[in-house]
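Visitor: when you get a sec, could you give me coordinates for this:
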Amino acid sequence: MKLRTGLITVIAAVMFFLSASIIFGQEASTDVSTDAGTQWVWGEVVSSDSVNKTITLKSIDYETGQEKEVLVTTDDKTTFENAKSFDELKKGDALSIDYMIGADGKMKAKVISVEKLKSEEAAQEKIVPPAPVSINPSEAITKEDTSKEAVAKEAATKEDTSGIPSEE
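Guide: Here you go, the predicted structure:
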């Protein structure tokens, strides 16, 4: 009898928690599937369609090791890194895309990062040459100036800059 009462109590508690999670649970979004979560793809732009805001990307299928083309859609919520907008993407760009599979089965981009090669980054950096150094000819040291007299003259000049007036 005690076993039967305990079993009924456990079943009632499980039913209560299940019904509470159904009642208070949030509705699943119909726009993007949450089952698969965010996924990632890397590849090279083959083409882009600015009217439909889609990108065809050449990438590697990691399960088969084969090269394949995938179609990625974008929308107003897609964010861009190293590019200001969809319009800056061009054929040959290397992209890293975080996406989700939508309810329609299409890849919907969340974040698109344009990968810059080191040579491209170096070309974009401004190289500023060093400022020219002007040398006063009277201060220039030549091979002839390395004599004992030049060294003594240099030492005397250093002493003169001490701020103590000379007694000459």
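
Visitor: in this protein, which strand has the most residues?
Guide: The longest strand of the chain (DSSP state E) is strand 39-49.

Visitor: I'd like the mean pLDDT over that one, please.
Guide: For strand 39-49, the mean per-residue pLDDT is 95.

Visitor: strands paired with it, and their directions?
Guide: If you go by DSSP bridges, strand 39-49 pairs up with strand 54-60 (antiparallel), strand 94-101 (antiparallel).

Visitor: and that strand, what's buried?
Guide: For strand 39-49, the neighbour count (16 or more other CB atoms under 10 Å) marks 41, 43, 45, 48 as buried. Any C-beta I mention is one placed from the backbone N, CA and C, and that applies to glycine too.

Visitor: in PDB, list the C-alpha atoms belonging to it.
Guide: Output in PDB follows, covering the C-alpha atoms of strand 39-49 (Å, rounded to 0.1, in the frame of the first residue of the first chain):
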ATOM      1  CA  GLN A  39      27.000  26.600 -37.300                       C
ATOM      2  CA  TRP A  40      30.100  27.800 -39.100                       C
ATOM      3  CA  VAL A  41      31.400  27.700 -42.700                       C
ATOM      4  CA  TRP A  42      34.500  29.100 -44.300                       C
ATOM      5  CA  GLY A  43      35.100  29.500 -48.000                       C
ATOM      6  CA  GLU A  44      35.700  31.700 -51.000                       C
ATOM      7  CA  VAL A  45      33.000  33.800 -52.600                       C
ATOM      8  CA  VAL A  46      32.000  32.400 -56.000                       C
ATOM      9  CA  SER A  47      29.200  34.800 -56.600                       C
ATOM     10  CA  SER A  48      26.800  37.200 -54.800                       C
ATOM     11  CA  ASP A  49      23.300  38.300 -55.600                       C
END
